[in-house]
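Trainee: make a model of this:
(chains A and B)
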Amino acid sequence: DIQMTQSPSFLSASVGDRVTINCKASQNINKYLDWYQQKLGEAPKLLIYNTNSLHTGIPSRFSGSGSGTDFTLTISSLQPEDVATYFCLQHNSGWTFGGGTKLELK
Amino acid sequence: QVTLKESGPGMLQPSKTLSLTCSFSGFSLSTSGMVVSWIRQPSGKSLEWLAAIDWDGDKYYNPSLKSRLTVSKDTSNTQVFLKITSVDIADTATYYCARSRSSYIYGWFAYWGQGTLVTVSS
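Mentor: All right, here's what the predicted structure looks like:
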């Protein structure tokens, strides 16, 4: 089974900050890594699929990068509405989620 | 417009069988590449993929839970079901269904239901 290790678990940042969240796979998952945003009380929402493809309607301040085992979600300029928990998901072989990163405003 | 909605018992006792229904519209599960999955999330914790069924009726299970899970769909391809046997307190979670579409089975989840909370308690 593929394990996904996400870091950090918790992140505090200010409006306008550049924020990065990382995900590491236990084996090569090629490009098959997505990022989801989950606000309190809501279902997860797809942000980025296949490492770096921005889902429809998602602001361009969100971007993804990486390959193989190491992946990064970047928010170029943090906005108040970005406060949420972020999850990565590998779908190279089955589906496995990362542990999540809770993002709060400083 | 693609929509999915989960329904379940709300609460059930330990050792019982949990039955969940995902009702969806805006797509047909008989279309090539379509997959509906079940995913759960205990309060305050991460997400766990449980099971999936594809357009061809093939089924996929989380290896750690496989012996307790059964996923199925109705003949009209508008509902997907999940049964979990012998539930215990650790199965307390919000259960989501989600749709993916891929040429190789495993795709990203662009559409999610709102989730249904299931509490296991005596």
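Trainee: residues from chain A in reach of chain B?
Mentor: Residues of chain A lying close to chain B by C-beta under 8 Å from any C-beta of the partner chain are A:1, A:32, A:34, A:36, A:43-46, A:49-50, A:55, A:87, A:89, A:91-100. Any C-beta I mention is one placed from the backbone N, CA and C, and that applies to glycine too.
Trainee: need the nearest residue in space to residue 55, chain neighbours excluded.
Mentor: In the absence of a named chain, chain A is used. Leaving aside its sequence neighbours, A:H55 sits nearest to A:L46 (C-beta to C-beta, 6 or more residues apart in numbering or on different chains; 4.6 Å).
Trainee: I was after chain B.
Mentor: Using C-beta to C-beta, 6+ apart, the closest residue to B:W55 is B:M34 (4.6 Å).
Trainee: where's A:L78 relative to chain B, distance?
Mentor: According to C-beta to the nearest C-beta, to the nearest Å, A:L78 stands 22 Å off from chain B.
Trainee: does that residue really touch A:V19, like I thought?
Mentor: Yes: look at A:L78 against A:V19 with C-beta atoms under 8 Å: they come within range, at 5.3 Å.
Trainee: which neighbours do these two have in common?
Mentor: Residues touching both A:L78 and A:V19 (C-beta atoms under 8 Å, 6 or more residues apart in numbering or on different chains): A:13, A:103.
Trainee: circling back to that earlier point, who's in contact with the residue nearest to B:W55?
Mentor: Going by C-beta under 8 Å, 6+ apart, B:M34 touches B:27-28, B:54-55, B:99-101.
Trainee: from those residues, pick the one nearest chain A.
Mentor: Checking the contacts of B:M34 against chain A by C-beta to the nearest C-beta gives B:S100 as the nearest, at 7.5 Å.
Trainee: around the closest one, count how many other residues there are.
Mentor: 23 (other C-beta atoms under 10 Å in any protein chain shown).
Trainee: any idea how far the residue nearest to it when sequence neighbours are not counted lies from B:L117?
Mentor: Distances taken as C-beta to C-beta, 6+ apart put B:G107 closest to B:S100, at 3.6 Å, once the chain neighbours are dropped. Using C-beta to C-beta, to the nearest Å, B:G107 is found at 26 Å from B:L117.
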